[in-house]
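Q: Provided below are the primary sequence and the corresponding predicted coordinates.
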Amino acid sequence: MLGDNIIPTPPSVRPEVPTYFCGEIEGEGSLVDVAENFSCVKKSWAKVKLQSGITLGFLNKAGTDEIPSDVDILVSYYWAFGVAKTQQLTLVGNRKVDEVVAAARPRYHFAVGTEQGRFYEHPVFAWDKTRSSRFISLGQEGSGIKWFYAFAIDNSDDDISKTGPNPFEFKRSREESVDPDEDKQANHAGPLEKLTSINSLEERPTKRMKVVAPSECYFCLSNPKLEAHMIIAIGSHSYVTIAKGPLPRPTKSRDFSGHAIIIPIDHGPTLPSPLKDSLAFKEINQFKTALAKAFLSTSHATVFYEISRSENVHFHVQMVPVPLDNAQGVFENALADRTKVNNERFERNLQLKFIKFDEEDENYWSLLDSGNYLKFSLYQKDKVVHYIAQLSGTLSLDLQFPRRVLAFHLRSPKRIYWEKCRQTVAQETTDCEKFKKFFKSYDFSQ
């Protein structure tokens with residue numbers, strides 16, 4: 001059951017053929033039988049060998065710490081990033097899936113990429129002289145998008161006479177050319193350290209980026225497909241919306257998620273520097289202060305995070321409320337823990353070193369004006385603390401890193417990926433109306 005969330009209870013009608021789904025359920029092992037022909041894949045990676053000798057691989061999450069061996073058929077939620085990039089659909093891809101695909105070398109790989117899914121069949125390519133691979137993305141049943149795919153497979157060698165380019169070959173050759181000593185830098189000072197040299201940065205490589213016009217940008221007010229039902233407030237230079245797939249859930253003290261996004265009206269990957277002269281930057285800070293005051297009334301601190309880099313389509317700032325009690329201690333523990341995991345367990349990720357600032361430090365402004373940074377800001381009562389990592393080098397930034405930190409902070413590990421937290425339009429509309437009512441007395445834009 002590809003891409004579906006299944007309640008792990010015995011089905012009313014027994015499946016006629018073995019059926020596997022991903023989820024959480026009590027039981028030992030990577031596979032738990034719920035009923036005859038109905039099994040739950042509960043671990044990040046599971047491999048099943050059928051009586052015919054055909055092997056199935058199930059990727060329950062984006063990645064796995066295990067090193068998979070060859071499988072005939074691979075099932076995952078996300079597309080491999082290498083395939084998604086060929087179709088300019090990088091939002092449905094995940095680089096960690098590439099690692100699994102390259103190791104498992106599936107002959108067939110099925111995925112959906114989003115809750116709705118989409119149909120796409122990638123041209124067949126070869127792993128070696130006897131093994132080929134096909135990637136197929138399917139839609140959701142009943143959506144009008146093709147959701148099934150019939151094929152025959154056996155244990156004989158594949159015909160590779162009519163194969164196209166392997167989308168994973170370039171990535172592998174590029175990684176092999178990197179000097180491992182340059183690729184791994186020791187982090188002796190820990191994730192929170194003092195800044196020694198703002199200017200000691202590697203030059204970022206020039207990349208050919210897809211140009212997204214304002215009329216096609218999800219965050220631009222000029223986009224005819226703008227989802228206006230999500231807008232909370234509009235200022236002169238920026239506006240505030242609720243977030244799609246909010247990280248926090250409603251609580252006893254607030255009946256809405258509280259996850260918001262502050263977006264500059266002007267379309268661009270970064271804010272113009274110097275930031276001290278930017279009207280958008282000043283108004284965004286006004287919204288930050290107003291939101292922080294509003295949530296302080298319900299005993300919440302607020303964490304704002306932003307990624308500024310030339311590869312962005314449209315710069316924005318996200319905000320998540322967290323419990324006020326010991327907010328700084330809990331946040332710094334979450335940041336340190338997730339930074340350590342990022343730096344030590346995922347060598348292909350950009351290494352992150354966070355620096356703790358207040359706004360009186362001139363180095364703070366120099367770093368922001370560089371335009372390449374990942375920043376968290378913690379607002380608690382009259383105190384604001386900033387944590388910034390400079391983005392430099394050629395490795396890939398984990399764009400889910402801020403949500404990983406806050407999911408760890410809020411003890412909500414299942415809510416890292418926004419696609420898995422999506423709401424219906426009706427739910428989004430209700431959430432937004434409740435947010436607007438809550439924020440009304442603090443909204444300076446009215």
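A: Done, it's in. Predicted model, so just to flag it, every value in this text is computed and none were measured. Residues are numbered from 1 along each chain as shown.

Q: Dig out what Glu306 forms beta bridges with.
A: Legend: beta-bridge partners of Glu306 under DSSP bridges are Val317, Lys375.

Q: My read is that it contacts Met319, right?
A: No - the criterion here is Cβ atoms under 8 Å, and Glu306 misses it with Met319 at 9.8 Å. (Each C-beta comes from the backbone N, C-alpha and C, glycine too.)

Q: Identify the contacts common to the two.
A: Between them, Glu306 and Met319 share no contacting residue under Cβ atoms under 8 Å, 6 or more residues apart in numbering.

Q: what about the helices in the stretch 251-400 of the chain?
A: Shown for the stretch 251-400 of the chain, the helices assigned by DSSP state H, counting those that start in this stretch span residues 279-296, 327-345, 362-369.

Q: Tell me the buried residues in the last one?
A: Buried positions in helix 362-369, judged by neighbour count with 16 or more other Cβ atoms under 10 Å: Tyr364, Trp365, Leu367, Leu368, Asp369.

Q: how far away is the fourth one from Val385?
A: By that I understand Leu368. Distance from Leu368 to Val385, counting by Cβ to Cβ, to the nearest Å: 15 Å.

Q: One more: the third one?
A: Leu367 sits 15 Å away from Val385 when distances are taken as Cβ to Cβ.

Q: cool, and Tyr364?
A: Tyr364 is 11 Å from Val385, by Cβ to Cβ.

Q: what is in contact with the two at once?
A: Phe357, Asp358.

Q: list the contacts for the nearest residue to His409 once chain neighbours are set aside?
A: Closest residue to His409 apart from its sequence neighbours, by Cβ to Cβ, 6 or more residues apart in numbering: Ala334 at 4.0 Å. Going by Cβ under 8 Å, 6+ apart, Ala334 touches Val405, Leu406, Phe408, His409.

Q: Closest to Ser39 out of those?
A: Lowest distance from Ser39 to the contacts of Ala334 (Cβ to Cβ) belongs to Phe408, with 30.0 Å.

Q: Let's see whichever strand or helix holds the closest one as CSV, backbone CA atoms only.
A: Assigned by DSSP states H and E, Phe408 belongs to helix 401-409. Coordinates of each C-alpha in helix 401-409 appear next as CSV, following Å, rounded to 0.1, in the frame of the first residue of the first chain:
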residue,chain,number,x,y,z
PHE,A,401,17.4,20.2,9.9
PRO,A,402,15.5,23.1,11.6
ARG,A,403,12.4,20.8,11.9
ARG,A,404,14.5,18.0,13.2
VAL,A,405,15.8,20.3,16.0
LEU,A,406,12.3,21.5,16.9
ALA,A,407,10.7,18.0,16.6
PHE,A,408,13.4,16.8,19.1
HIS,A,409,12.6,19.8,21.3
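
Q: Could you tell me the angle between that helix and helix 327-345?
A: 120 degrees (axes from the mean of the first three to the mean of the last three Cα atoms, to 10 degrees).

Q: who are the neighbours in contact with the closest residue to Ser308 other than its chain neighbours?
A: Closest residue to Ser308 apart from its sequence neighbours, by Cβ to Cβ, 6+ apart: Thr270 at 4.8 Å. Thr270 makes contact with Ser308, Arg309, Ser310, Asn312, Phe315, Gly371 under the criterion Cβ under 8 Å, 6+ apart.

Q: do you know how far the third one is from Thr90?
A: Plainly put, Ser310 is 16 Å away from Thr90 if you go by Cβ to Cβ.

Q: Can you give the contact residues for the helix holding Phe408?
A: 247, 303, 305, 307, 318, 320, 322, 330-331, 334-335, 337-338, 342, 352, 374, 376, 398, 413, 415-418.

Q: and with 6 Å instead?
A: With Cβ atoms under 6 Å, 6 or more residues apart in numbering as the test, helix 401-409 has contacts from Leu247, Tyr305, Val320, Val322, Val330, Phe331, Ala334, Leu335, Arg338, Pro413, Arg415, Ile416.

Q: Kindly report the same for stretch 240-254.
A: Stretch 240-254 is contacted by residues 230-233, 256-262, 287, 298, 320, 403, 406, 415, 418-419, 421-422, 431-432, 435 when judged by Cβ under 6 Å, 6+ apart.

Q: Mind doing that once more with 8 Å?
A: Around stretch 240-254, the neighbours that count as contacts under Cβ under 8 Å, 6+ apart are 230-234, 256-263, 287, 291, 298-300, 318, 320-321, 403, 406-407, 410, 412, 415, 417-423, 428, 431-432, 435, 438.

Q: try stretch 135-150
A: Stretch 135-150 is contacted from outside by 2-4, 79-80, 83, 92, 108-113, 115-122, using Cβ under 8 Å, 6+ apart.

Q: can you list the domain ranges for the protein.
A: Taking automatic domain parsing as the reference, the chain has its domains at 19-176, 191-442.

Q: Now do the longest one, average pLDDT.
A: Think domain 191-442. Averaging pLDDT along domain 191-442 gives 89.

Q: From the chain's centroid, how far away is it?
A: The chain centroid and the centroid of domain 191-442 are separated by 13 Å under Cα atoms, centre = their mean, to the nearest Å.

Q: Repeat that for the first one.
A: On the basis of Cα atoms, centre = their mean, domain 19-176 sits 19 Å off its chain's mean C-alpha point.

Q: what ranges do the strands span in the stretch 201-350 of the chain?
A: Assigned by DSSP state E, counting those that start in this stretch, the strands in the stretch 201-350 of the chain fall at 231-234, 238-242, 260-264, 300-308, 317-323.

Q: Which of those strands sits closest to Pro274?
A: The nearest among those, by Cβ to Cβ, is strand 300-308 at 13.6 Å.

Q: Just list what the closest one packs against, helices and strands only.
A: Judged by 3 or more Cβ pairs under 8 Å, 6 or more residues apart in numbering; DSSP states H and E, strand 300-308 is in contact with helix 279-296, strand 317-323, helix 327-345, strand 373-380, helix 401-409.

Q: Direction-wise, compare it with helix 327-345 and give the angle.
A: Comparing the axes of strand 300-308 and helix 327-345 via the same axes, to 10 degrees yields an angle of 40 degrees.

Q: Could you tell me the angle between strand 300-308 and strand 373-380?
A: Using the same axes, to 10 degrees: strand 300-308 against strand 373-380 is 170 degrees.

Q: Kindly export strand 300-308 (C-alpha atoms) in PDB.
A: The C-alpha trace of strand 300-308 is given here as PDB (Å, rounded to 0.1, in the frame of the first residue of the first chain):
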ATOM      1  CA  HIS A 300       5.200  30.000  25.300                       C
ATOM      2  CA  ALA A 301       8.600  31.000  24.100                       C
ATOM      3  CA  THR A 302       9.000  31.200  20.300                       C
ATOM      4  CA  VAL A 303      11.700  29.800  18.100                       C
ATOM      5  CA  PHE A 304      12.200  31.500  14.700                       C
ATOM      6  CA  TYR A 305      14.300  29.800  12.000                       C
ATOM      7  CA  GLU A 306      15.500  30.900   8.600                       C
ATOM      8  CA  ILE A 307      17.800  29.700   5.800                       C
ATOM      9  CA  SER A 308      19.500  32.400   3.700                       C
END
